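*Asks:* Turn this into a model:
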Amino acid sequence: MDFQKLAKNLLFIDIETVSAESDFNLLSDRMKALWLHKASFLSNPTNLNDEDFYFDRAGIYAEFGKIIAIGVGFFHWNDDQEICLKVKSISNDDETQVLRDFKILLEQKYKPTTLTLCAHNGKEFDYPYLCRRMLVNGIGIPKALQITGKKPWEIPHFDTLDMWKFGDRKHYTSLELLAAIFNIPSSKTELSGDQVNETYHHQNDLSKITRYCREDIIVLAQLFLKYQNMVIVKDENVERI
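*Replies:* Okay, here's the model as predicted:
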């Protein structure tokens with residue numbers, strides 16, 4: 001594989017999601033009933049009450065959550081032919097604006113026929129969540145994400161979890177664990193995924209989530225390099241926008 005040729009059209013992405021409302025009781029009666037029906041099929045090992053269980057789990061599901069940040073990153077090479085990484089996060093309290101900005105980036109910077117996305121657990125989470133929330137917000141799905149009905153080999157996107165499975169359908173491994181075993185610096189220095197909803201709804205700190213999302217992109221890109229048996233990007237060659 002010509003890695004530089006691949007990298008020209010490779011975009012790393014990561015989304016941060018939260019519950020649509022800060023409190024279960026703010027839901028309409030219709031949505032309350034639908035969440036309770038959904039929740040009745042979910043594991044609740046600590047026996048959280050309805051309010052706490054909604055706050056803890058709703059953000060995982062596109063029907064009950066929303067996207068507040070999308071991290072993106074791409075490789076490039078400097079004058080010394082060292083691999084470099086540029087990363088940024090698109091974030092806003094207005095989900096529609098986040099999704100529009102992301103769509104504009106995809107359509108203005110990349111050709112849909114050559115763009116390859118990469119996310120961790122992207123096939124099960126990031127890609128479908130993005131498409132579902134775009135439909136809910138009345139935004140046309142970019143061609144690069146129009147994968148419904150396509151055969152697996154017709155979809156060019158990478159999933160670093162899927163790549164690690166090696167055909168084992170039951171095996172889930174977190175990005176943080178993979179970072180640890182490949183000796184990649186953690187993105188969890190300021191925040192972890194299970195704290196995002198609390199940080200957003202109770203601490204009102206979108207900026208912290210934005211930074212965390214951006215750092216996750218760095219870990220994701222470094223992991224992808226490790227999968228290619230390549231040296232990770234030097235910290236001085238990582239540009240955070």
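
*Asks:* Which parts of this protein are helices?
*Replies:* With DSSP state H, the ranges of helices along the chain come out as 3-7, 29-39, 50-57, 95-109, 127-136, 160-165, 175-181, 196-201, 206-227.

*Asks:* now the ones you listed in JSON lines, with distance to residue 89?
*Replies:* Backbone N, C-alpha and C define where each C-beta goes, glycine included. Below are the helices of the chain laid out as JSON lines (distance: least, CB to CB, whole Å):
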{"stretch": "helix 3-7", "distance to residue 89": "20"}
{"stretch": "helix 29-39", "distance to residue 89": "28"}
{"stretch": "helix 50-57", "distance to residue 89": "23"}
{"stretch": "helix 95-109", "distance to residue 89": "10"}
{"stretch": "helix 127-136", "distance to residue 89": "15"}
{"stretch": "helix 160-165", "distance to residue 89": "19"}
{"stretch": "helix 175-181", "distance to residue 89": "16"}
{"stretch": "helix 196-201", "distance to residue 89": "13"}
{"stretch": "helix 206-227", "distance to residue 89": "4"}
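
*Asks:* Can you check which of those helices gets nearest to residue 18?
*Replies:* Comparison of the helices of the chain against residue 18 by CB to CB identifies helix 196-201 as nearest, at 4.8 Å.

*Asks:* Note down every partner strand of the top strand by length along the chain and its orientation.
*Replies:* For the chain, the strand reaching the highest residue count under DSSP state E is reported as strand 65-77. Taking DSSP bridges as the criterion, strand 65-77 sits next to strand 10-19 (antiparallel), strand 83-91 (antiparallel) in its sheet.

*Asks:* So which of these is nearest residue 159?
*Replies:* Residue 159 sits nearest to strand 10-19 of all the strands paired with strand 65-77, at 11.0 Å, using CB to CB.

*Asks:* residues of that closest one that come out buried?
*Replies:* Buried residues in strand 10-19, defined by neighbour count with 16 or more other CB atoms under 10 Å: 10-19.

*Asks:* For residue 236, see how far away the residue of the chain positioned farthest from its centre is.
*Replies:* Distance from the centre of the chain peaks at residue 80, with 31.4 Å (CA atoms, centre = their mean). Distance, residue 80 to residue 236, using CB to CB, to the nearest Å: 12 Å.
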